[in-house]
Structure formats: C-alpha cells, structure tokens
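Colleague: how would this look folded up:
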Amino acid sequence: MAEARTLPEEDFLLLNALADGELDAPSAAALERRIADEPILRKNYGAIVATRDALGRLERPEVDADFLGRLESALAPGRATASARRASSRWQADWRALAASVLVAVFAAGSGGYWLGASGPSQDLADLVASSHRRSLLAASPVDIASSSRHTVKPWLDGRIGISPPTPDLAAKGFVLVGGRVDVIEGHAVPTLVYRHNEHLITVVAEPAAAEVSKPADREADGYNMVNWRGNGFDYWAISDLERPELDDFVARYIAASETGKSNPVNKDQSSSTIAQ
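Modeller: Coordinates of the predicted model:
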C-alpha cells in the first residue's frame, strides 16, 4: 500500500536536496536509511537522480527571450520578470537548473505521478554509479560507517540492508579500507565499500546479481576511471580518479583476496557487537 500513497512535499524536497549534495552528513545518512526502508522514497529518489543526470547530458537548446519570460511567470505567478535580456542570460548560464526546477515543481504539486519511474533501458548504470561516487566526494564524509576493519564494516552493512560483499583487508598492498555506506542505485539499496590509495578514494559498489562470473572490463563515466566485473553473486563497479593501471591493480588484488577469503566468512554472531548504532 505504501507505493500508492502520495509522497509528502517535504520528503520530496529532502530527496532533491540529497541528490544535489545539499544535506549535512547526519541528515543525509538518516534520509538514506529511510530510502533503504521505504519503497516510495526509493522510487522517487531514483526518478530524481535519473532526471537530473539526463538533463546534465543534454545540449543547451536555443530558446527565445519571450518564451523564457512566460516560463518564469509560470514558475513565480504575480512576480514580474526583470527583463528579457536578463532572462536570456540566466538561461544561457544555467538552463538545466531552470529545467530541473520545472520538474521539481510538477512533482511537488502532485501532478507528475511516477511517469519518470525507474530508469529506462537507455539509462547507463555506469553513469548512476559515477553520480553516487561524485556525491560522496562532496559530502562531509564519504562513508556511513568509518572503520578500517572488515569485521566492523561487513556486519554493519549486513545489519542495515541484509547483504554485504567481500571486504578484504588490502592495507598491506597500499589500499586501506575507509569504511562503507548504503547507496541507492536504480531505486535499490546496495552495499558500497570505500578504500583509499594515497590521497585517492576508490568506491566499490556491489549490486546483487546472478551467480555468474565475468572478467574485469575497463569503463569510463563522468571523467572517472571504472572497472566492472561479476563474481561472488555481485555485479561490481569500482570507480576512482586513480590512473587506470592503479585502479586495475586494486581490482585484481580485491578479486584475488575475495576468492581467498571465501573459506573464512565473517561470523555475524561473533561480530554483531561491533555494528555501529
């Protein structure tokens, strides 16, 4: 029944603030926990992120000043626009923000329904992962649980969303575990690990997938280097601003350590006391 209820305007505005990286770390973490628990929030947040990412990839269209004046009047009834020239300059500078504000207004008014819904087949998962990584770099902290111990991070993720990927200790190889967080990708809560190599952060998004294996494939998105592979029941995405050879080295070591550690899973009963509250 939760899917059918209308999303309160204040929740919708909070979701937009989260997508724009405008919430402080505690508020963002609290909202992300709600997103993981409430389907209607996940659906709306996925739509917001997909819409903003899609707008960001569009080229600026040519729009005359008269149309801009009418658009501004519609967005702010009763308030006179400054001038056609100033409206045109504003459009030239940031037309995407204006377009996004129109969509936000439509949704907040309750007339938008769920026509954006989940991302369509043209929505590239790599772009969503890149957007999540970029937002984490802008946040006060890139993780929800900060710890270099897999015996803390792994059960924390298990406790929050009921699933966690292999979390090998790669500190001796130069890749230190920073912690973990819960990301929302395509409307689904997924476990995410964060490692550090020198001054560079590496995000590892692990989306549950069919039990199949694929070799690492190099990708790029939003200016970041990425590697995608499958194994251990997950579809992995590693993303960073590291140079390609260093990121490939991290992935190779992560895979090797994950395979080695299969016979030594974390005992949730023994480690539950370490879960951050």
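Colleague: C-terminal to the helix or strand harbouring residue 218, what's the next element?
Modeller: Residue 218 belongs to strand 214-221 when assigned by DSSP states H and E. Note on strand 214-221: by DSSP H and E, the next helix or strand toward the C-terminus is strand 224-231.
Colleague: hmm, back to that, which residues are contacting the strand holding residue 218?
Modeller: The set of residues external to strand 214-221 that reach it, using CB atoms under 8 Å, 6 or more residues apart in numbering, is 124, 126-127, 129-130, 225-231, 239, 244, 248, 251-252, 255. For glycine as for every other residue, the C-beta is placed from the backbone atoms N, C-alpha and C.
Colleague: can you do 10 Å?
Modeller: 124-131, 133-134, 225-231, 235-239, 244, 247-248, 251-252, 254-255 (CB atoms under 10 Å, 6 or more residues apart in numbering).
Colleague: And stretch 171-179, by the same measure?
Modeller: 141-150, 152-154, 156, 167-170, 192-198, 200-203, 242, 246, 249-250, 252-254, 256-257, 276.
Colleague: Identify each buried residue in that stretch, please.
Modeller: Residues of stretch 171-179 classed as buried: 173, 175, 176, 177, 178, 179 (neighbour count, 16 or more other CB atoms under 10 Å).
Colleague: Tell me the secondary structure of the fifth one, please.
Modeller: Taken by DSSP: H, G, I helix; E, B strand; the rest coil, the conformation at residue 178 corresponds to strand.
Colleague: coming back round to it: got a ChimeraX select line for the buried ones in the contacts of stretch 171-179?
Modeller: Only the buried entries of these go into this ChimeraX selection, using 16+ other CB under 10 Å:
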select :141,142,143,144,145,146,147,150,152,153,154,156,167,168,170,192,193,194,195,196,197,201,202,203,242,246,249,250,253,254,257
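Colleague: Next step: the contacts of stretch 171-179 restricted to strands.
Modeller: If you go by DSSP state E, the contacts of stretch 171-179 have 145, 146, 192, 193, 194, 195, 196, 197, 200, 201, 202, 203 in strands.
Colleague: wait, which of these is closest to residue 160?
Modeller: Residue 160 lies nearest to residue 145 out of the ones in strands among the contacts of stretch 171-179, by CB to CB, at 8.6 Å.
Colleague: Break the protein down into its domains, please.
Modeller: Following automatic domain parsing, the chain resolves into domains at 2-108, 125-274.
Colleague: least reliable of the ones you listed going by mean pLDDT?
Modeller: Lowest mean pLDDT within those: domain 2-108, a mean of 65.
Colleague: roughly how far apart are the nearest residue to residue 193 once chain neighbours are set aside and residue 45?
Modeller: Distance criterion CB to CB, 6 or more residues apart in numbering; nearest residue to residue 193, sequence neighbours excluded, is residue 204 at 4.3 Å. Look at residue 204 and residue 45: by CB to CB, to the nearest Å, they are 21 Å apart.
Colleague: what does residue 26 give?
Modeller: From residue 26 to residue 45 the distance is 18 Å (CB to CB).
Colleague: Which of those two has more residues huddled nearby?
Modeller: When neighbours are counted by other CB atoms under 10 Å, residue 26 and residue 45 differ, and residue 45 comes out ahead with 24 against 10.
Colleague: For stretch 195-215, measure first residue to last.
Modeller: When the termini of stretch 195-215 are compared using CA to CA, to the nearest Å, they are 21 Å apart.
Colleague: I misspoke; the intended subject was stretch 11-31.
Modeller: One end of stretch 11-31 to the other measures 9 Å (CA to CA).
Colleague: Any buried residues in that stretch, and which?
Modeller: Across stretch 11-31, burial judged by 16+ other CB under 10 Å covers 11, 12, 14, 15, 16, 18, 19, 23, 28, 29, 31.
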